[in-house]
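J.: For reference, the sequence and a predicted model appear below.
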Amino acid sequence: MKFPEPDLADPIYLKRHGDMPWPKDKFFYLLAANGLFICRNQPFFSSCVPARKGPAEFVNQHAFLTSRYPKIPQPLMEQAVGFFAEVGEKHGAEAALLLAWDTYQERYHLLVPKQRCSVYRLYQGTYPLGVHYELPTRLSDGWSIVGDIHSHVNGAAYASYTDKRDERYQPGLHIVVGRIHQEPPEFHVDAIVDGMRFMIDQTLVFQGYLHRARTSQKCLDQVEIVQVSSFQGYWHNSNRGGGYLEIAGKGDVYTCDDSSDCERNSQSQSRRGVDE
Ligand SMILES: [Zn+2]
């Protein structure tokens, strides 16, 4: 099908059927499912080559993401940091939380997935290796996972190689909390759409943050610490299924929902590498 744009110097054909007749134009563009092609019909050959740029009449388009995420309430971020701080101080381990959006109530829920947090045991102490958890597949009606938050313990907040690899096909917000020994800690916010990562100014996503909140034992019970004495042992650790708890914070009292609310999960996600 010839694209109906009469003022283009070179025609553009849209390849919509496998048996499309080969056009007779001396030079033309072909837009197919796998991209734009430059095509020629010359006396000694016909050719079709992936185009490195579009027709001269076109202008460039850059990739962008304009965030319209509702701001994460300050108490939720303070609860998240409190949870990460507790796991970091007690065990020197990374930890992870999930952000669920409730379309009915138009609010976020902070979920604590069952997770295995691995640390490398050294003479001088422990070194965080990563966190394994499973994404819930059956959430409450109207809820969907729109992002995750994980800690880098005392390391910097940034998207590590491991984070980039693991999150590449996980659309949504990806928040890292680092320098947890500081108050406030460091935050890094990215959003991923269609495999592309965009850094987002945290003020666009956070309502605010003042100081970390206390976390409950029930939330900490979602964390299993695995100490490994070699990286090889770490790579052979397997994920273990589990549910999640919601951090239901009100004011300064932070509790987790009853564990009967936990859902069984099947889809696994892991950060296996060393973040730093
Ligand atoms: Zn990370």
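T.: Okay, I see it. Numbering: from 1, shown residues only.
J.: hang on, Ser151 packs against Val87?
T.: Yes: if you go by Cβ atoms under 8 Å, Ser151 and Val87 touch, sitting 7.2 Å apart. The C-beta positions use only the backbone N, C-alpha and C, and glycine is treated the same way.
J.: quick one, domains of the chain?
T.: Per automatic domain parsing, the structural domains of the chain span 12-50, 74-270.
J.: want to try TSV for these, with mean neighbour count as columns?
T.: Listed next are these as TSV, based on neighbours: other Cβ atoms under 10 Å:
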stretch	mean neighbour count
domain 12-50	12
domain 74-270	18
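J.: Least confident of these, on average?
T.: Looking at these, the lowest mean pLDDT belongs to domain 74-270 (a mean of 81).
J.: what's the strand or helix carrying Gly147 packed up against?
T.: Secondary structure from DSSP states H and E places Gly147 in strand 143-151. Contacting strand 143-151 under the criterion 3 or more Cβ pairs under 8 Å, 6 or more residues apart in numbering; DSSP states H and E are the following elements: helix 74-91, strand 96-102, strand 125-136, strand 172-178.
J.: Pipe these into CSV and attach distance to the ion per row.
T.: Formatted as CSV, the helices and strands packed on strand 143-151 follow (distance: least, Cβ to the ion, whole Å):
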stretch, distance to the ion
helix 74-91, 12
strand 96-102, 9
strand 125-136, 8
strand 172-178, 5
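J.: I'd like those as JSON lines, with distance to Val226 appended.
T.: Output for the helices and strands packed on strand 143-151, formatted as JSON lines (distance: least, Cβ to Cβ, whole Å):
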{"stretch": "helix 74-91", "distance to Val226": "10"}
{"stretch": "strand 96-102", "distance to Val226": "14"}
{"stretch": "strand 125-136", "distance to Val226": "8"}
{"stretch": "strand 172-178", "distance to Val226": "21"}
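J.: Determine which of those approaches Ala9 most closely.
T.: Closest approach to Ala9 among the helices and strands packed on strand 143-151 is made by strand 172-178 (42.4 Å; Cβ to Cβ).
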